[in-house]
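> I'd like to go over a predicted model; first the sequence, then the structure.
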6 protein chains.
Amino acid sequence: MDSTRYTRGQEALARIHGHIGEGVMNALGDIAPDFARFIIEFPYGDIYSRNGLSPKERQIATIASLVTLGNAPTELKAHIQGSLNVGCTRDEIVEVIMQMAVYAGFPAAVNSLLVAKDVFAELDAKDKM
Amino acid sequence: MDSTRYTRGQEALARIHGHIGEGVMNALGDIAPDFARFIIEFPYGDIYSRNGLSPKERQIATIASLVTLGNAPTELKAHIQGSLNVGCTRDEIVEVIMQMAVYAGFPAAVNSLLVAKDVFAELDAKDKM
Amino acid sequence: MDSTRYTRGQEALARIHGHIGEGVMNALGDIAPDFARFIIEFPYGDIYSRNGLSPKERQIATIASLVTLGNAPTELKAHIQGSLNVGCTRDEIVEVIMQMAVYAGFPAAVNSLLVAKDVFAELDAKDKM
Amino acid sequence: MDSTRYTRGQEALARIHGHIGEGVMNALGDIAPDFARFIIEFPYGDIYSRNGLSPKERQIATIASLVTLGNAPTELKAHIQGSLNVGCTRDEIVEVIMQMAVYAGFPAAVNSLLVAKDVFAELDAKDKM
Amino acid sequence: MDSTRYTRGQEALARIHGHIGEGVMNALGDIAPDFARFIIEFPYGDIYSRNGLSPKERQIATIASLVTLGNAPTELKAHIQGSLNVGCTRDEIVEVIMQMAVYAGFPAAVNSLLVAKDVFAELDAKDKM
Amino acid sequence: MDSTRYTRGQEALARIHGHIGEGVMNALGDIAPDFARFIIEFPYGDIYSRNGLSPKERQIATIASLVTLGNAPTELKAHIQGSLNVGCTRDEIVEVIMQMAVYAGFPAAVNSLLVAKDVFAELDAKDKM
């Protein structure tokens, strides 16, 4: 195991997703432990740990991609939360999703806006507690 | 015709794509003049003219989306050039495309890097003339 | 705001979706009011308000597209209901979905037929009340 | 071999695509003769031979689907020609493609309009000869 | 009706999916009986009944395709169970899904691994009863 | 740099693609040298180097995925050649592609069969020299 990549990946994962990232890793670890490790090593250890784009710019790219895919609402939710964690505002996230109507069509944008609405509502509910 | 949106859209189109945007509009205008107008009005007049994201952030989102779609090399080429026009560096464009391997798969990223390579080579060839 | 497009779009939205369209617009309006307006203006005000295809032909095209996308069951449901509203029969809707197996694969067609089955069952349940 | 389906399929293929359909079948026949037969039997013999939608409505659905897929320009070209053969006008085909910008995004619509433009130009060139 | 294809298809369906296949066919039969028949005749009667690949190899190809589509979790579940029925091991299924991260992206692979985890957990729960 | 993964990846790349793999790596290396390294390390070093599936089974899964994506003909060509290199027969490759008509639609299968036809014709032309 390449401990540098793994450690670097864990740090990037925690920086973007907080404790929620661990939950997904544990769920995957039961069925595909090597794949849970690959996720930490490649997307987080190799890609998100790079310089060259700011953390905010990387989240904008990821949200644009997930809206375009249109079939990964769980990941979209995690990265909307992650975007807020690295400094994006709610309005910026909404702007990125709106823009995707041009490239991925209106259904992809509408469904993603409703995912964002859920994330924001959950955060507001937490704040009130 | 809503002249404000149209004028605003033409300005956004010119700011992002320079004179190349006009060529596409003319090609479309022969077969679907209303649609050529819609492109100027909605994506450029309504979306790219908004505040809330910087021009650079909007191009990052667009490139991420086009790489993810994987079947729009002409538009990708136009927006790689457009990204440079609004202030992205070549390295930043390459970073966005690389990151897309995580979400859209390696073939989408590889083929888009080769499109970027072509755009950069064309620019270098122009500079030498 | 371009009141002609907006008014025209609201009329097209009501003609196709009845009161259900308003619900989606309100849900979106909370998080992205401009986008709710864009939906009324562009897809409904600019596209569905055009001549050149009959309302029934436009719904056939939309259902074909939503089945092909395969990831927009909420929109598919809304347009199956909308297709009935503009004069398509249940059998015609089923025919369009079946044909999509050829282009989008059998899973896309099967899952869309089950969406249609739900819409038809809800309508039958209402009729019995 | 089920001769009824095959014969019925050949007739539907000829009605929609004329002699061009045979060319594709021959090209496929070299590498996958059973698959060439399946295409005649299932899409053309089972689906396009059905009642329940007019030939024009079936072509509208197919064009909508191929524009949405965005990666089948050869099939799109064949079905734009086929749509004209069964009675669609050029304007109707352009309308269907334009509408797809709403569901599949603007790049899918733009690229498909340029395919339609090519088909129409080829036909005009033939007419002049 | 071509009884040979239909009978052959029913046998292939039963061999791969056991009694679960019938349930889907009945659900579809209510709304689109011809389509239920087409599924038995074409995918199962024409394709899965062919020699040239082992049943295990065919399931590997199908799982790879369904993971790549990313929007057909019901079919994926049915074919994960079907893969076990024709002799694939759980580890082999997990390997195929992991490999798809390379081509279809990590979200497609992660979501499919969680579907496989559900299938395996349901089987374990049955075994305990 | 993790030399074990890199070395292992180079070996897997050479085993599957022969010298052709190097060409792609060099083309990418000019614009994104880190990404060229990532391709060798992750898909080839981490995934294709694993046990758990035979090399032939891995190529069947990859071809199924690339046919399903429908927008990566260069990669499909490389993996059709790679499938032959690890022991698949031409007929097996054709079978996998045909089966994909069920899941990804007929255009995806037809276009991929024509790619396979090209690969086989190039090999036959080489054999004659």
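In hand now; what should we look at?

> alpha carbons only for contacts and neighbour counts from here, please
Fine.

> tell me, what residue is most central in chain A?
residue A:79 (2.0 Å; C-alpha atoms, centre = their mean).

> Flag every residue of chain A that's near chain D.
Contacts of chain A with chain D, taken as C-alpha under 8 Å from any C-alpha of the partner chain, map to A:101, A:102, A:103, A:104, A:105, A:106, A:107.

> Stretch A:55-71 vs chain F: in contact?
No. Against chain F, stretch A:55-71 shows no contacts by C-alpha under 8 Å from any C-alpha, the least distance being 12.2 Å.

> element containing the residue nearest to the centre of chain A?
Using DSSP states H and E, the element containing residue A:79 is helix A:73-85.

> Following element in sequence after the strand or helix carrying residue A:6, please.
Assigned by DSSP H and E, residue A:6 belongs to helix A:3-17. Toward the C-terminal end, the helix or strand that comes next after helix A:3-17 (DSSP H and E) is helix A:20-31.

> Buried residues of that following helix, list them for me.
A:21, A:25, A:27, A:28, A:31 (16 or more other C-alpha atoms under 10 Å in any protein chain shown).

> I'd like the mean pLDDT over the helix or strand just after that helix, please.
Using DSSP H and E, the helix or strand that follows helix A:20-31 towards the C-terminus is helix A:33-39. On average, the pLDDT along helix A:33-39 is 97.

> ok, residues contacting helix A:33-39?
A:6, A:25, A:26, A:28, A:29, E:98, E:106 (C-alpha atoms under 8 Å, 6 or more residues apart in numbering or on different chains).

> So is stretch A:105-116 next to chain C?
Yes. Residues of stretch A:105-116 contacting chain C under C-alpha under 8 Å from any C-alpha: A:106, A:107, A:108, A:110, A:111, A:113, A:114.

> List the contacts of that stretch.
A:67-68, A:70, A:73, A:76-77, A:80, A:94, A:97-101, C:27-28, C:31-32, C:39, C:72, C:75, D:101-106.

> redo that, cut-off 6 Å
Applying C-alpha atoms under 6 Å, 6 or more residues apart in numbering or on different chains, the external contacts of stretch A:105-116 come out as A:70, A:97, A:98, A:100, A:101, D:102, D:103, D:104, D:105.

> Could you confirm whether whichever helix or strand residue A:67 is part of reaches chain B?
Assigned by DSSP H and E, residue A:67 belongs to helix A:55-69. Yes. For helix A:55-69, a contact with chain B is found by C-alpha under 6 Å from any C-alpha of the partner chain, at A:60, A:61, A:64, A:65, A:68.

> From residue B:129, how far out is the fourth one?
By that I understand residue A:65. Distance, residue A:65 to residue B:129, by C-alpha to C-alpha, to the nearest Å: 37 Å.

> now residue A:24
When distance is defined by C-alpha to C-alpha, residue A:24 is 54 Å away from residue B:129.

> where does chain A dip in pLDDT?
Low-confidence segments of chain A, defined by pLDDT under 70: A:1-2.

> Next, count neighbours for residue A:54.
Residue A:54: 13 surrounding residues under other C-alpha atoms under 10 Å in any protein chain shown.

> So for the helix or strand hosting residue A:107, what gets flagged as buried?
Following DSSP H and E, one finds residue A:107 within helix A:106-128. Within helix A:106-128, the residues that qualify as buried are A:106-117, A:119-120, counting by 16+ other C-alpha under 10 Å.

> In CSV: the contacts of stretch A:105-116, plus distance to residue F:50 and neighbour count.
Formatted as CSV, the contacts of stretch A:105-116 follow (distance: C-alpha to C-alpha, whole Å; neighbours: other C-alpha atoms under 10 Å in any protein chain shown):
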residue, distance to residue F:50, neighbour count
A:70, 31, 22
A:97, 38, 30
A:98, 41, 24
A:100, 38, 29
A:101, 40, 26
D:102, 43, 25
D:103, 40, 28
D:104, 38, 30
D:105, 39, 26
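
> Take those and keep only those in strands.
Judged by DSSP state E, strands contain none of these.

> Just put these in a markdown table and tack on distance to residue F:44.
Converted to a markdown table, the contacts of stretch A:105-116 look like this (distance: C-alpha to C-alpha, whole Å):
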| residue | distance to residue F:44 |
| --- | --- |
| A:70 | 28 |
| A:97 | 34 |
| A:98 | 37 |
| A:100 | 33 |
| A:101 | 36 |
| D:102 | 39 |
| D:103 | 37 |
| D:104 | 34 |
| D:105 | 34 |
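
> quick one: which of those residues is nearest residue F:10?
residue A:70 (34.3 Å; C-alpha to C-alpha).

> domain parsing for chain A?
A:1-50, A:53-129 (automatic domain parsing).

> Residue A:5: what's it in contact with?
Here residue A:5 is in contact with A:41, A:45 (criterion: C-alpha under 6 Å, 6+ apart).

> Distance check, it against chain E.
As judged by C-alpha to the nearest C-alpha, to the nearest Å, residue A:5 and chain E stand 18 Å apart.

> how about the contacts of helix A:33-39 in JSON lines, adding distance to residue D:10?
As requested, the contacts of helix A:33-39 are exported to JSON lines (distance: C-alpha to C-alpha, whole Å):
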{"residue": "A:6", "distance to residue D:10": "59"}
{"residue": "A:25", "distance to residue D:10": "54"}
{"residue": "A:26", "distance to residue D:10": "55"}
{"residue": "A:28", "distance to residue D:10": "50"}
{"residue": "A:29", "distance to residue D:10": "53"}
{"residue": "E:98", "distance to residue D:10": "42"}
{"residue": "E:106", "distance to residue D:10": "43"}
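
> hang on, the earlier thing: need the contact partners of the helix holding residue A:79.
A:16, A:17, A:59, A:66.

> ok, for the third one, nearest residue in space, not its chain neighbours?
Read it as residue A:59. The shortest distance from residue A:59 to any non-neighbouring residue, by C-alpha to C-alpha, 6 or more residues apart in numbering or on different chains, is to residue A:83 (5.5 Å).

> returning to what we had before: mind giving me a markdown table with the residues of chain A next to chain D and columns for distance to residue D:11?
Shown next, in a markdown table, are the residues of chain A next to chain D (distance: C-alpha to C-alpha, whole Å):
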| residue | distance to residue D:11 |
| --- | --- |
| A:101 | 41 |
| A:102 | 40 |
| A:103 | 39 |
| A:104 | 37 |
| A:105 | 36 |
| A:106 | 38 |
| A:107 | 38 |
